[in-house]
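> Sequence isn't available, so here's the structure alone:
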Ligand SMILES: [Zn+2]
């Protein structure tokens, strides 16, 4: 988990630097069950989340076990977990770039859905880089299917 979050943050630091921007790393809190942030009282029911107010990524490790059980019923797997982490850092990137602004919050064309899809895209570009640089080896179609399955199961809409 720590290797993945370091890889994701290094990736974005490099990407920002190439664009002449400064990446501010998100503080990551790994916890199990409950934590306290400026956004949320922090319960395992919320899963991993990004808190723009205090620029933290909060990862409930017990959530990855819940992911394989109802109501999520995701298949799980190492890549799926990495993808979920990369998605949350995607929200941190959006926050740094100013694209996390309030807008229409419901419906398929809403800003809320666009933000989620962009975070998925950011997770995907990290994964592509991680594979091309050898951080992830032997990525299979099954791994990718597990990642997409987890993304669908933990879409913030579904959790919230
Ligand atoms: Zn999200």
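Nice, I can see it. Here the structure is a predicted model, which means the values were calculated and not measured.

> Correct me if wrong: residue 139 contacts residue 132.
No - the criterion here is Cβ atoms under 8 Å, and residue 139 misses it with residue 132 at 10.3 Å. In this view, the C-beta of every residue, glycine as well, is placed from N, C-alpha and C.

> Just the helices from the chain, written as ranges.
Secondary structure of the chain (DSSP state H): helices at 2-18, 63-66, 78-97, 111-132, 141-153, 156-159.

> Name the residue in residue 139 and residue 132 with the higher neighbour count.
Using other Cβ atoms under 10 Å as the criterion, residue 139 and residue 132 rank with residue 139 on top: 14 against 9.

> how many other residues sit next to the closest residue to that one other than its chain neighbours?
Take residue 139 and drop its neighbours on the chain: the residue closest to it by Cβ to Cβ, 6 or more residues apart in numbering is residue 131, 5.1 Å away. The tally of other residues near residue 131 (other Cβ under 10 Å) stands at 15.

> Right, I'll leave it there.
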